[in-house]
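J.: below: sequence and its predicted model.
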Amino acid sequence: MSEIIKTSAVVLGKMNYSDSSLIVTLYTEHNGKVSAIVKGARSPKSKLSMIVDTLNHIEVIFYKKESRELQIVSSADLISHYPNIKSDLESTKYAFAVLELVRNLTIENESNNRLFKGLVKILDHFENKKETPAILFARFFMFLITETGYEMMIDKCSICGKQLLPEQSAGYNFSSGFVCNECLQSHSGFEKIDSELFKFLYCLKNKKILNGLKAKIIDDGNSFLERYVKEHIPDFKGIQSLNLFK
């Protein structure tokens with residue numbers, strides 16, 4: 001027996017199915033990631049195709065059946081289509097990268113209301129240009145890493161316990177995490193993280209203001225986060241969206 005679900009959702013992606021339908025991936029407020037079919041959405045008379053466009057924030061009604069891989073959307077209404085994001089290539093690139101992370105790093109039907117609220121909040125920040133798109137993406141990436149259970153321990157040296165400060169460089173490796181300069185010098189197997197990059201990661205983790213950063217540091221920071229996730233989740237193949245918009 002099907003359960004009727006009415007919920008707010010963000011459209012993570014869509015693809016054509018048969019001659020007239022769409023398959024959509026939604027991140028919903030109460031049901032987590034859901035795959036669903038929108039029957040007849042590609043018909044010229046249907047308004048649903050525009051409503052369930054990728055990136056849109058919508059209110060959707062679907063019929064949920066546990067034994068079914070694809071749920072059935074019965075109706076959808078638009079909450080926001082984020083016109084400022086879609087009219088700016090840089091914002092579009094990083095917003096789509098956010099959607100890709102949620103699509104690839106979350107489990108089907110696993111509810112996470114904090115993650116849903118964080119997703120909507122970051123898209124609102126993109127839309128209102130609160131910070132540069134690359135920094136907003138980095139903030140969400142760090143948030144998602146924490147929400148999915150892979151929190152980055154960055155405040156204390158993993159060897160001696162000394163407090164790590166954002167003005168200093170540090171060491172890092174996969175098995176031990178971050179270490180202070182003294183332990184970096186006295187222990188082998190660590191790469192050096194320069195002070196600018198470490199400050200960027202530290203401020204992300206501790207939700208600090210980020211001003212006057214060079215574009216290279218932001219890019220290096222996002223690359224570090226990508227590598228960090230690859231180290232913890234071997235199936236993660238990296239972020240394709242950032243390459244598609246080059």
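T.: That came through fine. A quick note: this is a predicted structure, and the numbers were derived from the prediction, not measured.

J.: report the buried residues of stretch 226-242.
T.: By neighbour count on 16 or more other C-beta atoms under 10 Å, the buried set for stretch 226-242 is 226, 228-229, 239, 241-242. Glycine gets a C-beta too; all of them are placed from N, C-alpha and C.

J.: list the helices and strands the helix or strand of the chain with the lowest mean pLDDT packs on?
T.: None of the helices or strands of the chain scores lower by mean pLDDT, DSSP states H and E than helix 241-244, at a mean of 83. On a contact count with 3 or more C-beta pairs under 8 Å, 6 or more residues apart in numbering; DSSP states H and E, helix 241-244 meets helix 89-105.

J.: report the buried residues of the helix it packs on.
T.: 91-102, 104-105.

J.: tell me the helix or strand right after it.
T.: Where DSSP states H and E defines the elements, the next helix or strand beyond helix 89-105 is helix 113-128.

J.: and for the residue lying closest to residue 115 once chain neighbours are set aside, the neighbour number?
T.: Distance criterion C-beta to C-beta, 6 or more residues apart in numbering; nearest residue to residue 115, sequence neighbours excluded, is residue 147 at 4.9 Å. Neighbour count of residue 147, defined by other C-beta atoms under 10 Å: 18.

J.: ok, the one 5 residues further on next?
T.: Using other C-beta under 10 Å, residue 152 has 19 other residues around it.

J.: measure it to residue 101 for me?
T.: Going from residue 152 to residue 101 by C-beta to C-beta, to the nearest Å gives 15 Å.

J.: one more: residue 243?
T.: 14 Å.

J.: who's in contact with residue 63?
T.: 2-5, 71-72, 74 (C-beta atoms under 8 Å, 6 or more residues apart in numbering).

J.: who wins for neighbours among those?
T.: Of the contacts of residue 63, with other C-beta under 10 Å as the count, residue 71 tops at 24 neighbours.

J.: show me what contacts residue 215?
T.: residue 134.

J.: for residue 59, which non-adjacent residue is spatially closest?
T.: Closest to residue 59 by C-beta to C-beta, 6+ apart is residue 77, at 4.8 Å.

J.: what strand or helix carries the one you found?
T.: strand 71-80.

J.: about what we covered before: is it possible to get a markdown table of the buried residues of helix 89-105 that adds pLDDT and distance to residue 44?
T.: What follows is these, written out as a markdown table (pLDDT from 0 to 100; distance: C-beta to C-beta, whole Å):
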| residue | pLDDT | distance to residue 44 |
| --- | --- | --- |
| 91 | 97 | 30 |
| 92 | 97 | 26 |
| 93 | 96 | 31 |
| 94 | 97 | 33 |
| 95 | 98 | 28 |
| 96 | 97 | 27 |
| 97 | 98 | 32 |
| 98 | 98 | 32 |
| 99 | 98 | 27 |
| 100 | 97 | 30 |
| 101 | 97 | 34 |
| 102 | 98 | 31 |
| 104 | 96 | 33 |
| 105 | 96 | 36 |
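
J.: of the buried residues of stretch 226-242, which pair is most distant in space?
T.: Across the buried residues of stretch 226-242, the longest distance by C-beta to C-beta is 17.9 Å; it joins 228 and 241.

J.: neighbouring contacts of the following helix or strand past the strand holding residue 77?
T.: Sequence-wise, the next helix or strand downstream of strand 71-80 (DSSP H and E) is helix 83-86. With C-beta under 8 Å, 6+ apart as the test, helix 83-86 has contacts from 55, 91-92, 95, 123, 126-129.

J.: pLDDT on helix 83-86, on average?
T.: The average pLDDT for helix 83-86 rounds to 97.
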